[in-house]
Structure formats: C-alpha cells, structure tokens
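A.B. asks: Task: produce atomic coordinates for the following.
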Amino acid sequence: YTRCMKAYLECIRGIFPHHSWRPNHHATLHICEFLLRYGPMHGWWMFPFERIIGALQKMNTNYKIGEQACTQKQRII
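C.D. replies: Numbers count the residues shown, from 1 in each chain. Below is the predicted model of the structure:
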C-alpha cells in the first residue's frame, strides 16, 4: 500500500508541479501503519462521529438552549 501511495503522490507531483498538498495526502502515508497497529479500519475510524458532529455544528439553535431538542427534532423530520 505505502509503495503504491508514494508512487501515486510522485505521479501527481510530476503532472501538477505547483499542486498544493492537503493534509489528506500526508495522512494517506500513515494508513498502512494504522492498519498494522489497530487492525481493520471499521473498528477505529471516526467518520460516523465526525459526520454527526458536523451535522450538529450546522444546526441552527438560535442560542436558545432550552429549545434545542425541538430544533433537533424538526431538523431530523
């Protein structure tokens, strides 16, 4: 995996020399280490939680703490 990912990134660098790298490009180089250390991704990935947090952050509460449950219910429905 790491060998193929490095080849892919080098290919991108060759085709797009002025490409600005993103944190995800760097993170891909660590996935092999994480798989060896922690096992299959479905056991430790955080995407479902990040998705819920993102939805909660986008939720309009109008800073009315007591009405938050109603606001969440309306958003889900």
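A.B. asks: Next one: the residue nearest in space to the middle of the chain from residue 60, what distance?
C.D. replies: Nearest to the geometric centre of the chain sits residue 47, at 5.9 Å (Cα atoms, centre = their mean). Residue 47 is 24 Å from residue 60, where distance means Cβ to Cβ, to the nearest Å. C-beta here means a position set from N, CA and C on the backbone, and glycine is covered the same way.
A.B. asks: swap in residue 52?
C.D. replies: Distance from residue 52 to residue 60, by Cβ to Cβ: 16 Å.
A.B. asks: before we move on, what about residue 26?
C.D. replies: Residue 26 is 34 Å from residue 60, by Cβ to Cβ.
A.B. asks: swap in residue 53?
C.D. replies: For residue 53, the distance to residue 60 equals 16 Å [Cβ to Cβ].
A.B. asks: and residue 61, what pLDDT?
C.D. replies: Note for residue 61: predicted pLDDT of 68.
A.B. asks: Average pLDDT for stretch 31-38, rounded please.
C.D. replies: Average pLDDT, stretch 31-38: 87.
A.B. asks: For the chain, which segments are assigned as helices?
C.D. replies: Remark: helices assigned in the chain by DSSP state H are 2-15, 23-28, 31-38, 47-58, 68-76.
A.B. asks: which stretches of the protein have low pLDDT?
C.D. replies: Within the chain, the stretches with pLDDT under 70 are 48, 61-77.
A.B. asks: Now with 80, please.
C.D. replies: Within the chain, the segments meeting pLDDT under 80 span 42-49, 51-52, 56-57, 59-77.
A.B. asks: Sweet, I'm off.
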